Every structure is written in structure tokens, then in C-alpha cells.
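Student: Provided below for reference: sequence and predicted model.
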Amino acid sequence: MSTFRLASSKLAMRLFSFPTSLRGRFYSLIRGSSRSAWFVVSRGTSRYRHFTANCPVSDRKGTTICALSSGYGKCGVAVVRISGSRSLDALKKMTSISKLEPRRAFLRKIRDPETREVIDNGLCLWFPGPHSFTGEDSVEFHVHGGSAILTKLMQALSRLQVHPAQPGEFTRRAFYNNKLDLTEVEGLADLIEAETECQRKQALLQADGILRKLYNSWRKVLSESVASIEAYIDFGEEDNIENDVVQNAHHALRQLMRELEKHLADGRRGEILRNGVRTVIIGEPNVGKSSLLNHLVQRNAAIVTPIAGTTRDVIELTANISGYPVLIADTAGITEDIGDIVEAEGIRRARSHAENADFVVVMIDALKCATSGLTYKDYIREYLSSLGIQELLAKIGRERFIVIANKKDLLKEEEKRHLDNAEAVLISCRTEDGFQDLLRSLTDHFSNMYDRMNNNH
């Protein structure tokens, strides 16, 4: 038996040689999803702070809660949701409904349970547990969205010992009642926060359990490998155990390790999907960077003047380009003729942002390029060298940057022909000529970027 234990010990040593981050995920998968430790995947961001293990859950267990589910502000219809053991009792006392059918809407007068004053005419729905979002008995009131109506309705519910819900408490109850797992909770949060079509699609996949299925497949591999090793240790001397069971388990774990490493090395995929492609506009002073930013975000966000060096600091704004979330940064113009310490710091920040960007927009002056006496390639080579980003662009590859030649409106016909074969998008920020071509080019780049991330995931 010592031979078998030696083999398993060697396998264990190989497992302990895995990176710490992977080992931790192995342990979590073997143990399964713990209902008391979901802070492990909450990512530690403020966005998920109400989903941590420190929440006061125990003192609210068994209470009935309510909340406005449709968002604040005046609207045609507002939805107030109730969850807990007193839900049905509250519905009956406020509507006098004698016969209820689950998941069917009833139009009723909703009354104050004490004064019998009519609060509003609205739709009422009952969802008996466990067939509800939270897994508990639940009720929904669909009423008119005036603030006075909602205030009165919440006051009436409070007199029936229905308490206002804490942030995220409905989702937390759904989690503890096995209606959602952690990946679906995160997907739901992302779906609510989604502002672009790309974010919506990705969040919907996660909310539907695509990550849960992936993690369950990993857990199955781990469980089967552990079972095989244990069987080999305990019964390896018997004829009914195959000799290569350890090798098969080791092969399965190595394959799983490669999948985990690929999953972790996602190039900030999740961050890009949530926050947008970090895009930096870089170029010499007075080339039109701030004007381009204003056009892309469709408002006058950055100050535009004919004076070179107007932009001193980095200005970051979000934009939706053909359904792709983009975080665009306008930077100070880069020049060798530095006027003061403030301009020098602005240039340093511009280069720093370019180094950390997902995508770089290089802006050039089309008139200067056309009248320089150089070929386009020679001009760009010297231009990038003067900006100090030639090595950076060579490292990130052609897929992650674009050259935009501004001031097209100043070119004569022969000067335009000089740029016919240029690998640049020719635009005019003043007349907006060429902007459709620019948007198509940016869309193609972002689409390819997201496709590569999805294929590598």
C-alpha cells in the first residue's frame, strides 16, 4: 500500500506546485458553493458591498420585506414587491381578495388596512413560494407611479409588519434559497448596470448561468479525479482497479489547469465589458484631439480653442460606439518645446495613459502630412518617434491603434491625392466630413477586439 500512497503523494505535490490563485480555485470547486462565504467571488468592489458575508442577515431572517422594484421617480406604473411569510396576509388585508390564483393579475382597490381608505386602483399578483424570485411567498402591487401613492402604500405596509428591504436583500434571499448562484447574482447586477448592447448580451449570458455550467464542469473533473485517487489508494492492489488511474487523473487535472489559466488570462475581458474599452487620443498640440472627443461623446465636454496646449490634464468620458462601451481619454498635446512644469506633467500623463490603454487613437494634421515632402509612412514614423510612442504601438500591434488625419477641409485636391494610399482615416472635425468612415473603422476595431476576447475565453 505504501507504493500507492507514494504515487498519490507525488500527485499532491504536483497540485501544490500550481499557482496559489489556481490552488484556491481548486479547493473552492472541490468544496462546492458555500452559502456562508460568497464574499469570495464578490470581487471586493463597492458595487457588491451588500453581497458580503458581513451583512446582518440572521436578525432579519423570517421577516417580510418590501421595496419599490421599478426605480424611483414619477412614472406611469410603479411596482412594489413584497417577500416573506406575511405577504399573502398583507395582500388580503389591503385588497379583500377572497379567492386567489397564483401568478394571475387582479385589478383591485388597494386600501389602507386600518382606515380602509383607498390608496389606489392597481394590479395585484401573488407568487407562492418556492416558485418566486426569492423562493418565498411574494406579492406585487402595480400602482400608479406618483410619489404620494407610493409613500402611502409603504406606510400602510409598515403597519402590517412589512419592513423596508435593505439594498440587495431580495437578491440575497434568492441566493440563500437556491434560486440564484453567485455567478447569476453577478450577472443580474451587470444586467441592471448594462448601458450598451454588448454589455447587455454578456450580462444576460451570465445571468442565465453560463459561468455556473462552466464551473460545475470543472468541479466534476476535480471530484472524479479525487475519487479515482482515493479508490487507487484504498483498493489499488485488487484486480478491479486499473493501473493507469493515477496517470489519467493527473492528465485530467493538467488539462483543467490549462483551462483555468486560459480563463484567468482573459486580458481584462470582464473589466472591458463592464467599464468599456480604455481608448486614448494622443497627438501633437492643436491637432484636434479635444474636438474629436466632443464629437464622439456628442457634447462640448472639452474646451476647444485655436491656442496650442489648451488641454493640460487627461479628460476621461464614456461613449457608446455602435453598442460597444468605450472610455475615451483626451490628453495634452505632446511637444518637445515644453513651456512649463504643468505642461510637462500633462505630457507625462498622456504617455502613461497611452501605455495602459486598450486602444490608441493617433491624431495627425492632414495638411502637415500632405505638405511635408515625405511619404505617408516616413511622416508617420517621424511623428510617432516625436510623440515617444513608436515602440509602444509596435508592441501592441496594428489591431489596437488607428491613425486619424484631421483638417481634411484644408486640403487641396492634389494634397488629398497625396493621402489616397495612407493607412489613416481622413476627417474634418470642423465640418464632420469623414466621421461616418471613422465610426465604421472604430466599430470594426472594437468588434474584432471583443471577438478575440470571446474566442480566447
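Tutor: That came through, no problem.

Student: every contact and neighbour count from this point should use C-alpha atoms.
Tutor: OK.

Student: pretty sure residue 273 is touching residue 197, no?
Tutor: No. Residue 273 is beyond contact range of residue 197, at 10.5 Å (criterion: CA atoms under 8 Å).

Student: neighbour count winner among those two?
Tutor: Neighbours around residue 273 and residue 197, counted as other CA atoms under 10 Å, are more numerous at residue 273. The numbers are 22 against 14.

Student: which one is the more buried one nearest to, not counting chain neighbours?
Tutor: residue 199 (5.9 Å; CA to CA, 6 or more residues apart in numbering).

Student: which residues does that neighbour contact?
Tutor: 190-191, 273-274, 324-325 (CA atoms under 8 Å, 6 or more residues apart in numbering).

Student: for it, give its distance to residue 213.
Tutor: Residue 199 is 20 Å from residue 213, where distance means CA to CA, to the nearest Å.

Student: got it, and residue 441?
Tutor: 36 Å.

Student: what of residue 340?
Tutor: 57 Å.

Student: between these two, tell me which one has more neighbours.
Tutor: Between residue 340 and residue 213, counted using other CA under 10 Å, residue 213 has the larger neighbour count: 13 against 8.

Student: now the more buried one: which helix or strand?
Tutor: helix 210-235 (DSSP states H and E).

Student: and that helix, what does it pack onto?
Tutor: helix 2-16, helix 20-31, helix 182-193, helix 245-264 (3 or more CA pairs under 8 Å, 6 or more residues apart in numbering; DSSP states H and E).

Student: pLDDT averaged over the longest one - what is it?
Tutor: Mean pLDDT, computed over helix 245-264, is 85.

Student: for it, packing partners?
Tutor: helix 2-16, helix 20-31, helix 210-235.

Student: now the second one: mean pLDDT?
Tutor: I take that to be helix 20-31. 45.

Student: would you mind splitting this structure into its domains for me?
Tutor: Following the TED database, the chain resolves into domains at 65-177, 181-265, 271-451.

Student: mean pLDDT lowest for which of those?
Tutor: domain 181-265 (a mean of 81).

Student: all helices for the stretch 1-150 of the chain, in order.
Tutor: For the stretch 1-150 of the chain, helices defined by DSSP state H, counting those that start in this stretch occupy the ranges 2-16, 20-31, 87-95, 147-158.

Student: how about the helices in the stretch 251-400 of the chain?
Tutor: Applying DSSP H, counting those that start in this stretch to the stretch 251-400 of the chain gives helices spanning 269-275, 289-297, 341-355, 366-370, 376-387, 390-396.

Student: now the fourth one, how far from the centre of its chain.
Tutor: Meaning helix 366-370. 40 Å (CA atoms, centre = their mean, to the nearest Å).

Student: list the contacts of it.
Tutor: With CA under 8 Å, 6+ apart as the criterion, helix 366-370 contacts 376, 379, 405-408, 410-411, 415-416, 418-419, 426.

Student: one more time with 10 Å
Tutor: Outside of helix 366-370, the residues within contact range by CA atoms under 10 Å, 6 or more residues apart in numbering are 287, 372, 375-380, 383, 404-412, 414-419, 424-428.

Student: just the third one next, same as before
Tutor: Contacting residues not belonging to helix 341-355 are listed as 278-284, 309-314, 329-338, 357, 360-362, 387-389, 392-393, 396 [CA under 10 Å, 6+ apart].

Student: drop anything exposed from the residues you listed.
Tutor: Buried members of the contacts of helix 341-355, counted by 16 or more other CA atoms under 10 Å: 278-284, 309-314, 329-335, 357, 360-362, 387, 389, 393.

Student: is it possible to mark the buried ones in the contacts of helix 366-370?
Tutor: Buried members of the contacts of helix 366-370, counted by 16+ other CA under 10 Å: 287, 376, 379-380, 383, 404-409, 411, 415-416, 418-419, 424-428.

Student: now, those residues that are in helices?
Tutor: 376, 379-380, 383, 415-416, 418 (DSSP state H).

Student: now distance to residue 228 too, for those, in TSV please.
Tutor: Converted to TSV, those look like this (distance: CA to CA, whole Å):
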residue	distance to residue 228
376	64
379	65
380	61
383	62
415	73
416	71
418	70
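
Student: by neighbours, which of the contacts of residue 199 wins?
Tutor: Neighbour max across the contacts of residue 199 (other CA under 10 Å) = residue 325, 24 neighbours.

Student: let me see the contact set for the closest residue to it other than its chain neighbours.
Tutor: Ranked by CA to CA, 6+ apart and with sequence neighbours excluded, the top spatial neighbour of residue 325 is residue 276, at 4.3 Å. For residue 276, the contacting residues are 196, 198-199, 269-270, 318-320, 324-328, 358, by CA under 10 Å, 6+ apart.

Student: from residue 197, how far out is residue 276?
Tutor: Taken as CA to CA, the span from residue 276 to residue 197 is 12 Å.

Student: now do the shared contacts for those two.
Tutor: By CA under 10 Å, 6+ apart, the residues touching both residue 276 and residue 197 are 320, 324-325.

Student: show me which of the residues you listed is closest to residue 66.
Tutor: residue 325 (33.8 Å; CA to CA).

Student: residue contacts, that closest one?
Tutor: Residue 325 sits next to 194-199, 272-278, 318-319, 446 when contact means CA under 10 Å, 6+ apart.

Student: next one: residue 140
Tutor: Contacts of residue 140 (CA under 10 Å, 6+ apart): 66-69, 79-83, 87, 91, 103, 105, 123-127.

Student: for residue 163, see how far away the closest residue in space to it that isn't next to it in sequence is.
Tutor: Nearest non-adjacent residue to residue 140, counting by CA to CA, 6+ apart: residue 81, 4.6 Å away. From residue 81 across to residue 163, the span is 11 Å (CA to CA).

Student: I'd assumed residue 301 was in contact with residue 295.
Tutor: Yes. Residue 295 lies in contact with residue 301 (CA atoms under 10 Å); the separation is 9.4 Å.

Student: overlap in contacts, residue 81 and residue 163.
Tutor: 65-67.

Student: tabulate those (CSV), appending distance to residue 260 and neighbour count.
Tutor: Output for the shared contacts of residue 81 and residue 163, formatted as CSV (distance: CA to CA, whole Å; neighbours: other CA atoms under 10 Å):
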residue, distance to residue 260, neighbour count
65, 40, 24
66, 41, 24
67, 40, 21
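
Student: ok, and the closest non-adjacent residue to the residue nearest in space to the middle of the chain?
Tutor: In the chain, the centroid-proximal residue (CA atoms, centre = their mean) is residue 274; its distance is 2.4 Å. Nearest non-adjacent residue to residue 274, counting by CA to CA, 6+ apart: residue 199, 6.6 Å away.
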